Each structure stands twice: as structure tokens, then as C-alpha cells.
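**Student:** Got a predicted structure here, sequence first:
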Protein chains: 4
Amino acid sequence: MAAFTHRTDVMFQHCDPAGIVFYPRYFEMINAVVEVFFDRALDWSFATLHGTERMGVPMGRIAADFHAASRLGDVLDWTLTIDRLGRASADIEITGTCGDEARLSVRGTLVLVDLDRMKSRPWPEERRAGLERYLKETTA
Amino acid sequence: MAAFTHRTDVMFQHCDPAGIVFYPRYFEMINAVVEVFFDRALDWSFATLHGTERMGVPMGRIAADFHAASRLGDVLDWTLTIDRLGRASADIEITGTCGDEARLSVRGTLVLVDLDRMKSRPWPEERRAGLERYLKETTA
Amino acid sequence: MAAFTHRTDVMFQHCDPAGIVFYPRYFEMINAVVEVFFDRALDWSFATLHGTERMGVPMGRIAADFHAASRLGDVLDWTLTIDRLGRASADIEITGTCGDEARLSVRGTLVLVDLDRMKSRPWPEERRAGLERYLKETTA
Amino acid sequence: MAAFTHRTDVMFQHCDPAGIVFYPRYFEMINAVVEVFFDRALDWSFATLHGTERMGVPMGRIAADFHAASRLGDVLDWTLTIDRLGRASADIEITGTCGDEARLSVRGTLVLVDLDRMKSRPWPEERRAGLERYLKETTA
């Protein structure tokens, strides 16, 4: 199993009047982690996915645990793995750390949808193979 | 038990290239629902909370289920109730509907913190009384 | 001449670590003022404009002067007028005040475009009549 | 004279229902260009500036010309130079291009302020020297 990693600098625009990352901005970062994962790990850019192929991967559900606050200037290291791969969906786990400190853990369910009909549709075979490389446990 | 309600128009700035609400924007809306709830239901504005009193109510955890997509021009009706009221925290439930259709259900845990020490602290007595009015089940 | 007015509460999500409105959030507010103006003054919702009619009104240019900082809890009153109405464009002026204090003055040029060809196109006659009511000086 | 350069990928979160960069997101990018410029060119991180030194560099005014739309997947190359360096301010010019195509040109005035008193204050000598290296024309 591979884990996809990505890095985000905590910038001024992410921080609230308390000087810490405003949690909706974490979800923008999480979306960017998924977007970069699709681009680099699956060779499936969101420009191709949305523009050419008229598909999308909205979240069906998402849950985040915030362990400690992040501040301006922190560097966040993200790790993405796939917990379960469905016919048209994927349960992903994303963790964000700063140095040795866990900052947040996120579990979400991506659903592949046809944008014009807003209906789920199965992963294309070659993309599915790419996703499987990040699957935590291959089926026995 | 009371339920707090609030309304949000889905605006251009909330929508993504698929023409639906980008989910991080939902969390901005959720944060605004909490902010307006504090202001109107508890008479505790975030300006007072953050500015004068140097406290905050970050989310310790949050989970959202997205039932159906929302589009530009939709009107979202929010309902907030409190599921559990802790010494220094509150589990809240927020649902967003458009007309009769459920769009998202959110459960989150707010923690009252002292911003200067970034430590949790108990709800002030009079604020706690306000929160209790929105508690789903008063302890028997 | 009429002036269109709108009101925005400065919320937590608009403010930066310095405790004041982060200026990109002002442009989200400005966009919302334009969006509400189209909806209420011209009866031309962005849902209709973008969705049904496949047109948009991107800014060709925008300039803002920030006179004084806005803080969490401030209430901003916006005034929109039209300075010049072109065949396919409109120069707008938007001012934001808090009580008696000017906070920002914005001048922008909206261009009506056909989204599929990304080309400008003339204002439809009935919409143009609506825009003219907010024109600062009718041509002598 | 040096020019500071920086690069931004146009991500999903930047784009609107028309599939192009929503202009308030450009201002977030512009703010990030300034933030990275301060960090890398002046060795003056916003964490130090805001957190330790309790100063900020809000925009006093900003004007942007949008020459052509940017789309999901575009790569934007930014160039920052300083047009005029005042005692407590700096007029900056930032251009964003994609390949050979100019996308936007921005002129803004940064003002160094003391955050606690919200008053302007002169550039510290060593920072001023750093800024001068990016000055378009040194005074004859």
C-alpha cells in the first residue's frame, strides 16, 4: 500500500481573529489534497474530470477531528490513504500533522458522479487500478 | 426545548464549477449559524466573546452528511439544537433543508476555550442557562 | 436616480488574525452586493443569468480604496450606483460605510458576457432599462 | 532591480460556476504573493510580522485589470515589483500571466501599521533595504 503525501503552508488567509486556522479553511485544504492526489497519483486532473469528462467527486459525508490548533507559519503534512473502495465511491482517510504533532484526522466518502445527471457512476477501470494502490487493506 | 433557526441564500460565491455548493462553503455557513445563534439566542456576540472576553468556541470535531446538492438561488433553512451540554463543551446538531428536501446534517462539538492559554474553560453560568433552552432532552 | 442599498454584517469568517476584515472578503461582499442588486433591482437572479441564460457579468476591472478598517460585529451599509452604462458594460460605484464612517469605495466595470463563447454581448433591452434607473447622470 | 516571482495553480476552490477564477479568489492569491514575497525576499514572515512584532501590511488601495479569464488547471506566474517606496508604504505592481497570456495586472499600496494602535509606522531600516532591491526605478 502507498500513502499519498502533500504539504500546505498555513497562510494568513487561513487564519481567524484567534490567530488559528479557521476550520472551513481546513476543508479547502482537504479538497486540495484530494485534487492533487487525483492529479498526481491517478493522473486524473480535475480539469479533465470536470471539464472534459463532466464528472465530479463530491463528498457524500466527511468527519474531522481537530486535535490541536494550527497557526500562521505552520507547515502541515498531509497523508491520504483509501480505507474502502466501492464501485462508485471511496472512503478516504486524511491526516494532517505539523512536525510530530497530529492536528486533524479526516474521514470522508468520495462519490464519483456524472455531473449532468447528478448520479453516481462506477470508477473507470484504469482509475480504479490507480485508487487500489492507496487502499489500506487489499481484500484477502 | 427550543430550536434555533436561520436562513442562508445560496450565492454565487458558494458555488463551484459543477454549479453546486462547494462543501467548504457549507462549513462557513455552519460557522455563521453558530455565530448568529450565539448572538441572538444567547446574547453573546462573537465580538464580545472574542474581543472583550478573549474566549472562543472552536470545533473539537465535526461530521457532515450531504444528502443532496444545493444550487445557486436555493434558500437553505437551518435548525440548530443541542444534543449534549458538557461542562466546557456542547454537542450541536444542525440540519439544512431547502423546502422539504434535506440537504445536509451536521453534528459538531463546540469547546469553550480561553484564547490566551488555548485551554478549555467551563461555560459561564448565565450562558449555560441560555444553552440549556436548546437542549434536546433535559436530564431526567 | 435611484441608489441601491444593501447591508452586510461583518462575521467571524471575514476577519483576519489582525481582527479586521481581510480585504479579499470585501470583494466577496462586493460581489454579493452586485448579485443582490441584479436580483432585486433588475429582477435578474444570478441563477437565471448563469443557469438559464448562460451569461455572466465578470469584472473587467475593479479598484478599491480602503479608508478605515472594519471589525467583527460591524454592520456595513452598501450603496451602489451606475456611473456609466455602455452597450455591454456598466461602470459601477459601490461605497461601504459603518454608521457615519466611510470604510471603502469601489469602482468596477461589469461586462455582460456570453459564457459559452466568453464574448461580450449587449444588455437585453428590458435589463438596460432597469440599469438606467441607477445611472448617476443621464446623458444630456 | 530584481522582480519577485511566484507560481499558483488554479485549483477547484478558486473557480466559480462559470468555470473561471472567481475574482475575490485572485485577491487571496495576490495576498499570498505578498506574503511569500515578505517571507522569501525580505526574510520577514507574516508569523513574525503579525505575531511577534504586532505589525501588519494592509492594502490602502488596490486596483486590478482583468485581461482574460483563468480556468481550472491553469498555472499562473506572478511577478511583483515595487513602484514607489514611501516612508511607511509601498506601491506594488503584480502581474499574473499564464504562459504568454496576461491575465491580470494589479497595483496596490501596502501600508505598514502598528496593529495595536492601527497607525502607520516607518519601515524598519533593514526591511527597507530589502524592499529597495525590488524598486523599479531608484530615485535619480
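**Tutor:** That came in fine, so what should we check first?

**Student:** any idea of the pLDDT on the nearest residue to residue A:74 once chain neighbours are set aside?
**Tutor:** With Cβ to Cβ, 6 or more residues apart in numbering or on different chains as the criterion, residue A:74 has its nearest non-adjacent residue at 4.3 Å, and that residue is residue A:10. Any C-beta I mention is one placed from the backbone N, CA and C, and that applies to glycine too. Reported pLDDT at residue A:10 in the predicted model: 98.

**Student:** Quick one: neighbours of residue A:10, just the number.
**Tutor:** Other residues lying near residue A:10 total 23 when counted by other Cβ atoms under 10 Å in any protein chain shown.

**Student:** close to chain B, is stretch A:107-126?
**Tutor:** Yes - where contact is defined by Cβ under 8 Å from any Cβ of the partner chain, part of stretch A:107-126 touches chain B, namely A:115, A:118.

**Student:** Contact partners for the residue lying closest to residue A:21 once chain neighbours are set aside?
**Tutor:** For residue A:21, ignoring the flanking residues on the chain, the nearest one in space by Cβ to Cβ, 6+ apart is residue A:70 at 4.4 Å. Listed by Cβ atoms under 8 Å, 6 or more residues apart in numbering or on different chains, the contact set of residue A:70 reads A:10, A:14, A:20-21, A:76, A:96, A:98, A:103.

**Student:** longest single helix anywhere in chain A?
**Tutor:** Under DSSP state H, the helix in chain A containing the largest number of residues is helix A:23-41.

**Student:** Quick one: mean pLDDT for it?
**Tutor:** When the per-residue pLDDT values of helix A:23-41 are averaged, the result is 98.

**Student:** That helix versus helix B:23-41: what angle between them?
**Tutor:** Helix A:23-41 and helix B:23-41 are oriented at 170 degrees to each other (axes from the mean of the first three to the mean of the last three Cα atoms, to 10 degrees).

**Student:** For helix A:23-41, C-alpha coordinates in CSV please.
**Tutor:** Provided in CSV are the C-alpha atoms of helix A:23-41 (Å, rounded to 0.1, in the frame of the first residue of the first chain):
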residue,chain,number,x,y,z
TYR,A,23,-11.8,25.2,10.3
PRO,A,24,-13.7,25.8,7.0
ARG,A,25,-10.2,26.6,5.5
TYR,A,26,-9.1,23.1,6.6
PHE,A,27,-11.8,21.7,4.3
GLU,A,28,-10.4,23.8,1.4
MET,A,29,-7.0,22.3,2.2
ILE,A,30,-8.6,18.8,2.3
ASN,A,31,-10.2,19.4,-1.0
ALA,A,32,-6.9,20.5,-2.4
VAL,A,33,-5.2,17.3,-1.1
VAL,A,34,-7.8,15.2,-2.9
GLU,A,35,-7.4,17.3,-6.0
VAL,A,36,-3.6,17.0,-6.0
PHE,A,37,-4.0,13.3,-5.3
PHE,A,38,-6.2,12.8,-8.3
ASP,A,39,-3.8,14.8,-10.5
ARG,A,40,-0.5,13.2,-9.3
ALA,A,41,-1.4,9.8,-8.1
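
**Student:** Does anything pack onto that helix? Which helices or strands?
**Tutor:** Other elements packing on helix A:23-41 under the criterion 3 or more Cβ pairs under 8 Å, 6 or more residues apart in numbering or on different chains; DSSP states H and E are strand A:4-9, helix A:46, strand A:59-66, strand A:75-85, strand A:89-98, strand A:101-111, helix B:23-41.

**Student:** Go through the ones you listed and pick out the most buried.
**Tutor:** Highest mean neighbour count among these (mean count of other Cβ atoms under 10 Å in any protein chain shown): helix A:46, with a mean of 23.

**Student:** need the contact list for the residue most central in space within chain A.
**Tutor:** Residue closest to the average C-alpha location in chain A (Cα atoms, centre = their mean): residue A:34, at 3.1 Å. By Cβ under 8 Å, 6+ apart, the residues touching residue A:34 are A:57, A:80, A:92, A:94, A:110.

**Student:** buried ones in stretch A:40-51?
**Tutor:** Under the neighbour-count criterion of 16 or more other Cβ atoms under 10 Å in any protein chain shown, stretch A:40-51 has A:41-42, A:44-47, A:49-50 buried.

**Student:** Which one of the residues you listed is nearest to chain C?
**Tutor:** Proximity of these to chain C was ranked by Cβ to the nearest Cβ; the top entry is residue A:50 with 15.2 Å.

**Student:** Are we agreed that the closest one is in a helix?
**Tutor:** Yes - with DSSP: H, G, I helix; E, B strand; the rest coil as the criterion, residue A:50 is located in a helix.

**Student:** leaving aside the residues next to it on the chain, what's closest to residue A:49?
**Tutor:** Closest residue to residue A:49 in three dimensions, ignoring its sequence neighbours and counting by Cβ to Cβ, 6+ apart: residue A:55, at 5.4 Å.

**Student:** Let me know the pLDDT of that neighbour.
**Tutor:** 96.

**Student:** Correct me if wrong: it contacts residue A:115.
**Tutor:** Yes - at 6.1 Å, residue A:55 and residue A:115 qualify as touching, with contact defined as Cβ atoms under 8 Å.

**Student:** What is the burial count for the residue nearest to residue A:54 when sequence neighbours are not counted?
**Tutor:** Nearest residue to residue A:54 in three dimensions, chain neighbours excluded: residue A:115, at 4.8 Å (Cβ to Cβ, 6+ apart). For residue A:115, the count of nearby residues is 17 (other Cβ under 10 Å).

**Student:** ok, now how distant is residue A:115 from chain D?
**Tutor:** 11 Å (Cβ to the nearest Cβ, to the nearest Å).

**Student:** what sits against that residue?
**Tutor:** A:50, A:54-56, B:18.

**Student:** if I look at it, how far off is residue C:4?
**Tutor:** Note on residue A:115: its distance to residue C:4, by Cβ to Cβ, to the nearest Å, is 34 Å.

**Student:** Low-confidence ranges, chain A, go.
**Tutor:** Counting by pLDDT under 70, chain A contains low-confidence ranges at A:137-140.

**Student:** What parts of it come near chain D?
**Tutor:** Counting by Cβ under 8 Å from any Cβ, the positions of chain A adjacent to chain D are A:11-13, A:19, A:28, A:31-32, A:35, A:45-48, A:50-51, A:71-73.

**Student:** let's go with 10 Å and repeat that
**Tutor:** For chain A, the residues in contact with chain D under the definition Cβ under 10 Å from any Cβ of the partner chain are A:9-15, A:19, A:25, A:27-29, A:31-32, A:34-36, A:38-39, A:45-51, A:56-57, A:71-74.

**Student:** circling back to that earlier point, common neighbours of residue A:55 and residue A:115, please.
**Tutor:** A:49, B:18 (Cβ atoms under 10 Å, 6 or more residues apart in numbering or on different chains).

**Student:** Report the beta-bridge partners for residue A:135.
**Tutor:** residue A:82 (DSSP bridges).

**Student:** before we move on, the earlier item: got TSV for the contacts of residue A:34, with distance to residue D:119 too?
**Tutor:** Formatted as TSV, the contacts of residue A:34 follow (distance: Cβ to Cβ, whole Å):
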residue	distance to residue D:119
A:57	48
A:80	46
A:92	48
A:94	43
A:110	49
